[in-house]
Structure formats: structure tokens, C-alpha cells
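Q: Can you look at this prediction? I've put the sequence above it.
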Amino acid sequence: MSKTLTETQVLNKLDIPDFRHLSKDNVMSFVSMIDKMDPEVAKKALEQFPDFAKVSIEGLNDLKDTVSKGMDDDKESVNRFYDMCDNIIDVIKLAMSDGVVTFEEKKYCIDKMQEIARMASEKDSEGKKFKWALVANFALTTVTVLVTTVSALDGASNIELPFKKS
């Protein structure tokens with residue numbers, strides 16, 4: 001597909017009067033359109049938006065914070081689940097410590113403990129998959145922003161990145 005979006009089309013899609021009005025809120029939308037733009041339109045846009053690198057990094061930091069929050073929420077949920085499992089196992093142990101438990105009742109309690117252990121293992125695997133998916137999506141978004149921007153500029157850019165110089 002050829003790069004077909006004109007400056008006017010991009011501005012209309014972003015609902016802004018000119019590229020100086022790009023903000024952190026719509027910079028990701030802009031980046032997602034770069035590969036569909038004429039390279040000159042992309043260069044012109046970036047020239048009008050000198051803080052593009054800074055705003056892109058701020059957007060990625062916001063995304064990173066969202067990913068971190070998701071991981072924290074997941075950790076809290078998993079810990080509550082494990083606490084419930086521990087409580088159930090404690091109740092089963094207490095019931096088994098009573099001298100009047102039959103062999104069948106002990107077998108039943110052990111089966112329930114094994115079931116809880118399987119559930120905990122599944123929850124652990126589910127949590128790991130969730131975390132890796134978040135990390136993978138964050139990495140993909142970061143790489144997409146960088147590669148798309150560099151490719152739109154044909155690798156020639158004078159955008160200053162806000163990093164310390166040594």
C-alpha cells in the first residue's frame with residue numbers, strides 16, 4: 001500500500017488545526033498513521049512538533065505506569081487467592097487433627113488439599129502469562145513507536161532525545 005495520507009487528512013483524523021497542537025493524548029494516534037503518510041508530510045509534522053520525542057517518551061511512561069498498575073493489581077488478586085487457599089487448608093488440617101476422623105474423611109481432606117494445590121498452580125501459571133503479555137505488549141508498542149518514526153524520517157532525524165549526555 002502506498003503512503004497516501006495528506007497533511008489535511010492526518011490533521012482531520014487527529015481533530016487538530018495543525019501539528020503544533022499534537023499532544024500526549026494524540027501522539028500515539030499520530031505515530032500509528034506515520035506509515036500511511038507521505039514521508040514529507042511526516043517530516044513536516046515532526047518539524048512543527050519539536051517536542052515529539054519528549055511527548056512520545058511521556059506517553060510510553062504513562063503506558064509503563066498502566067502496565068505496572070496492572071501487575072500490582074494482579075499481584076494483589078493472586079495474594080488474596082493464596083490467602084484463601086491457606087485458610088481452607090488450615091481448616092482441613094484442623095479437622096484432620098481431631099481424633100475422630102475416619103480414613104474416608106482423611107482421604108477426602110487430602111483430595112481437597114491436592115485440588116487446592118492444583119488451583120494455586122494454575123493461578124500461578126495464569127499470572128505469569130498475564131505478566132508476560134503485558135511486558136510483550138509494552139515492548140511491542142515501544143518498538144513500534146521508534147521504528148515507525150525512524151522509518152518515516154528515512155533514518156535521518158535531528159530530533160533530540162531527552163537523555164543525559166555523558
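A: Perfect, thanks for sending it.
Q: model confidence over the longest helix anywhere in the chain, on average?
A: What stands out as the longest helix in the chain, according to DSSP state H, is helix 103-152. For helix 103-152, the mean pLDDT works out to 78.
Q: Distance check, the residue lying farthest from the centre of the chain against K112.
A: The centre of the chain is farthest from one residue, V100, which by CA atoms, centre = their mean lies 52.8 Å away. Going from V100 to K112 by CB to CB, to the nearest Å gives 18 Å. Yep, even glycine has a C-beta here, placed from its N, CA and C like the rest.
Q: Then K131?
A: K131 is 29 Å from K112, by CB to CB.
Q: Equivalent analysis for P39, please.
A: In this view, P39 and K112 are 65 Å apart by CB to CB.
Q: do the same with M96
A: With distances taken as CB to CB, M96 is found 10 Å from K112.
Q: now do N12
A: As judged by CB to CB, N12 and K112 stand 62 Å apart.
Q: The two: which has the busier surroundings?
A: K112 (15 against 11; other CB atoms under 10 Å).
Q: so who does the more buried one touch?
A: For K112, the contact set (CB atoms under 8 Å, 6 or more residues apart in numbering) comprises 88, 92.
Q: list the buried ones in stretch 11-20?
A: By neighbour count on 16 or more other CB atoms under 10 Å, the buried set for stretch 11-20 is 11, 14, 19.
Q: Nearest to T144 among these?
A: Closest to T144 out of those is L14 (17.6 Å), distances taken as CB to CB.
Q: nearest spatial neighbour of the closest one, skipping sequence neighbours?
A: N26 (5.1 Å; CB to CB, 6 or more residues apart in numbering).
Q: Name all residues that make contact with the one you found.
A: 14-16.
Q: quick one: which of those residues sit in helices?
A: Using DSSP H, those in helices are L14.
Q: N61: which of the contacts of N26 is nearest?
A: Within these, the smallest distance to N61 is 21.1 Å, found for L14 (CB to CB).
Q: what does stretch 14-21 contact?
A: If you take CB under 8 Å, 6+ apart as the criterion, stretch 14-21 is touched by 11, 22, 26, 29-30, 44-46, 48-49.
Q: let's see 10 Å
A: 7, 10-11, 22-23, 25-27, 29-30, 33, 41-42, 44-52 (CB atoms under 10 Å, 6 or more residues apart in numbering).
Q: Perfect, that will be all.
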